[in-house]
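Asker: Fold the stuff below for me.
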Amino acid sequence: MSAATIAEPFLLSSYPESSAHRKHSAEPVYASLPSSSDADPFVTVAVQGDGVHVLDTSTLHSATSHTLGPSTSFACPPASRTTLRNGIRICTTYAVLESGPHVQSNGKGKTVVMWEESLSGGAASTESQNEKNKKVSVAPHSVTQIYAPEYLQDAEVLVGPAGEVSVADRDLHVQHTSTPQNHQASTLLKHFLFQSSACTFIPSHSTSSHSAVSVSFLRSGDVSRVSVVGVSEDGNSQSLGECVVPVDESDIVDISCSNTGFISILLQSGTWHALSLSTSPSLAFSIAPAAEPLRLQALTFTSPARIGEASLSALTSSHVLLAAIATGSHTDLVLLLWDLRYGVLLAQQAIPTPSTLPRPKKTGAFVRLTGATVQMNGLLVLAPAPDRDIQADSTPARSTILVVPLTVPATSTIAAAIGRANAGARWLLTKTTAGTQGQGQNSAPEISLAARKALKEMKASINGSAGGNVAGAETAFFEYIQQQQQQQNKGKGKGKSAATQEDQPAPLEYAFAQGALQLVLPPASTQTANAAAYSAKVVRHLLERRAVSSSMVEGGLLPALAAQNDWDTIALAMRTVSDLPEADIISLLSKVVTLHRRASSGDDSAMQVDSASGPSLDAFLAQCVVYPFTPAAERVALRKHLSDAMDIVPVLEVLDGWLVRHSAEGALVADVSSTTSSSLPPLDKVLAFLQTLLDASFLALLSHTPAHALLRTLAAHVEPVLASTSALENLCGPLEPFARAAAKAQQQQQAKDAQQANASSGRDWRRKRKMAHEQAAIAVGLYQVEELVL
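Answerer: Residues are numbered from 1 along each chain as shown. From the prediction side, this is the model:
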């Protein structure tokens, strides 16, 4: 299961502001992504007063451009489609014009222009050929959205402002138009188009004759509803049904909808609804709440003048990406990846707003997330508002298009949500009152009176003296642990043996473990003021009980332990805590490398200091190698914390030594039992870490001349291992039945041994109790001696 991550966005393109969008009060830039995951990595951009550009995200260059002049304005985002005809890649681009040379008096917002051209090596054909392959048509209604997906190779979908859905052929001739079933005047709020085979909220037999499914969110009076239409490639469209959206508010900021039918509606008040679209056996649509609504805070879109500074994009399952601008003196643009089914924040990223983006108080700016998908990542558009006072701009305004790299799990699981309850606390407005918040540690739910009393005693001991009475806190902590163990042992003999129950530690409450950890382990940012309030005994006990997660400590568990320079506890944490962030681990690895380099420099005083302040590079690197990690997050952490080639070389030397040992010992098959940091890490772990390290730092190593010899040595050691591994892979098929049989026999033997151990312990306990009763009956104890005098 991959972890959810948001990498730092990178610039795709930037465009200056023109007068065309201010004249028509339109957004200065429209952008769109392909509609399928296997399409070319093209982004289609329509710039007001300029033209249409198709950008290749793999090269960050333009694949083709169509300049239309400064009088041209666009009505909606453009679309493009790449097809293969007779071995030649053909790029077809579509745009809807609001004004321009091709627009007649009755064609404003209805004129559709199509360019068809061949691509050779990523470049388009000449401009004269483009003019020959250009077609212009006028739609029967205004167009607010145009689609040209790859799964509709000979058709385009045109969506109108009142919910009309028209299907046009390759020559832009409209074949059929579907209108909403409701006879009242409707306004389109948001529209989505999905491939029918990917829609899981509709039975497959009802969409077998359709290639695409259109989902329109409409507003009629005070009622919001959803209209679903099936679209066929032959130009036909059929209404599949409608249903009412159970949200009464009309101040909707944005709407997201996934192909699974998971809907989220963001209101200006900050309320974020999570809904689910489904069908009954009679093919009737219905929408029901999927989770409790969230109430967002600390974001600017809750102000009426800045309603455009937020945008949603549905990802997989119930994962939704939110782009908004945070309140406060530092106006950062935040990207928040939520799992709305469980109401937790899985990942976040913050970047400063560009200085070329004006955000006056009366109008704000435009923030648009466009078609974010797992394969194509996300597309973020930042644009100035057209109706602002231009004279107040300090710098020339520009529109910016950013690509947001994403890693998103395929499905929503409770395992990914565990421990993330407090991750989004900054952005959520809780239901508790301010008085409840003042209770501090003891306000946590589901905590017993004994645990609450123990936390109070620990807090009083630490806060009662200037240096912090850690000994008193430790006494209160272990007295509570002992009391819990004694209470558990009172029930011995009821179904389990005494020996079995004494071996099992009493369970710890989550709120107690978190509260105790926060008391005896201050965050790294506050340890300078309270450095003495640290108890290694309590922290290690909690770690040994596996009752600690990294999110329990503000700023992370590893940074807090590193500030205490407690490397033994850090090693224990890396063995027992399963949610340590890759960035924290690599940050510590960077510190260990620095200590290693200082100790290897030959300075005796440095060696004496470093030997007592940190572990050896081999030992800590072995822990990093065997710790589970996500390659994408690991690469980001390596680029951030281990970017210097001089720091990477010692790490590569250790990895190379491990490869030599594996090759010399012939251990080409990973030993799953050898997972401790003191032993040789398994070969598969070493190779995985080495690949990630080289992916993140290969360019830096190439620019560092002393690393060239080491890279050649690594290649000489890795290539034979890979060749031998490839040869051994041929045995996977023939040996798989034997491996399964051996694993099954081992599991059966372990289960049998455990069953025999439990049975024998029960018999021993009953035998001892019977002997005690017999000895008590004859009044002779086990060690009683009587004297007989004659």
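Asker: low-confidence ranges in the stretch 101-250 of the chain?
Answerer: Scanning the stretch 101-250 of the chain for pLDDT under 70 picks out 120-132, 183.
Asker: Could you pull out the helices in it for me?
Answerer: In order along the chain, the stretch 101-250 of the chain carries the following helices (DSSP state H, counting those that start in this stretch): 127-132.
Asker: Which parts of it are strands?
Answerer: For the stretch 101-250 of the chain, applying DSSP state E, counting those that start in this stretch gives strands covering 111-120, 123-124, 134-138, 145-147, 156-159, 165-168, 174-178, 187-195, 212-220, 223-231, 237-244.
Asker: Can you check which of these gets nearest to Pro650?
Answerer: strand 123-124 (45.0 Å; Cβ to Cβ). For every residue, glycine as well, the C-beta is placed using N, CA and C.
Asker: Would you mind giving both backbone torsions of Ile541?
Answerer: Not quite, residue 541 is His, not Ile. His541 has phi and psi values of phi -60, psi -40 when expressed as degrees, to the nearest 10.
Asker: Please apply the same query to Gly109.
Answerer: The phi/psi pair for Gly109 (degrees, to the nearest 10) reads phi 80, psi 0.
Asker: Show the contacting residues for it.
Answerer: By Cβ atoms under 8 Å, 6 or more residues apart in numbering, Gly109 lies in contact with Ala75, Val96, Glu98, Ser142, Val143.
Asker: which residues does the closest residue to Val159 other than its chain neighbours contact?
Answerer: Closest residue to Val159 apart from its sequence neighbours, by Cβ to Cβ, 6 or more residues apart in numbering: Gln145 at 4.0 Å. For Gln145, the contacting residues are Cys76, Pro77, Leu158, Val159, His191, by Cβ under 8 Å, 6+ apart.
Asker: need the next SSE after the helix or strand hosting Arg575, C-terminal direction.
Answerer: In this assignment (DSSP states H and E), Arg575 forms part of helix 567-576. Per DSSP H and E, helix 567-576 leads on to helix 582-599 as the next helix or strand towards the C-terminus.
Asker: Tell me the helix or strand right after the helix or strand of the chain with the lowest mean pLDDT.
Answerer: Least confident helix or strand, the chain: helix 434-437 with a mean of 37, by mean pLDDT, DSSP states H and E. Using DSSP H and E, the helix or strand that follows helix 434-437 towards the C-terminus is helix 449-463.
Asker: what number of residues lie near Phe478?
Answerer: The tally of other residues near Phe478 (other Cβ atoms under 10 Å) stands at 14.
Asker: and the helix or strand encompassing it, what does it pack onto?
Answerer: Assigned by DSSP H and E, Phe478 belongs to helix 470-489. Applying 3 or more Cβ pairs under 8 Å, 6 or more residues apart in numbering; DSSP states H and E, one finds that helix 470-489 makes contact with helix 449-463, helix 498-503, helix 510-520, helix 536-544.
Asker: Give the rounded mean pLDDT of that helix.
Answerer: Across helix 470-489, pLDDT averages out at 87.
Asker: hang on, the earlier thing: which among the helices and strands packed on helix 470-489 is found nearest to Ala168?
Answerer: Going by Cβ to Cβ, the one of these nearest Ala168 is helix 510-520, 57.7 Å.
Asker: Against which helices or strands is the closest one packed?
Answerer: helix 449-463, helix 470-489, helix 536-544.
Asker: between that helix and helix 449-463, how big is the angle?
Answerer: 10 degrees (axes from the mean of the first three to the mean of the last three Cα atoms, to 10 degrees).
Asker: Output helix 510-520 as PDB, nothing but the C-alphas.
Answerer: The C-alpha trace of helix 510-520 is given here as PDB (Å, rounded to 0.1, in the frame of the first residue of the first chain):
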ATOM      1  CA  TYR A 510      -4.200   5.400  23.200                       C
ATOM      2  CA  ALA A 511      -5.000   8.700  24.900                       C
ATOM      3  CA  PHE A 512      -2.900   7.800  27.900                       C
ATOM      4  CA  ALA A 513       0.100   6.700  25.800                       C
ATOM      5  CA  GLN A 514      -0.100  10.000  23.700                       C
ATOM      6  CA  GLY A 515      -0.500  12.200  26.800                       C
ATOM      7  CA  ALA A 516       2.400  10.500  28.600                       C
ATOM      8  CA  LEU A 517       4.600  10.700  25.600                       C
ATOM      9  CA  GLN A 518       3.900  14.400  25.100                       C
ATOM     10  CA  LEU A 519       4.800  15.100  28.700                       C
ATOM     11  CA  VAL A 520       8.200  13.300  28.800                       C
END
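Asker: If anything else comes up later, I'll come back, but that's it for now.
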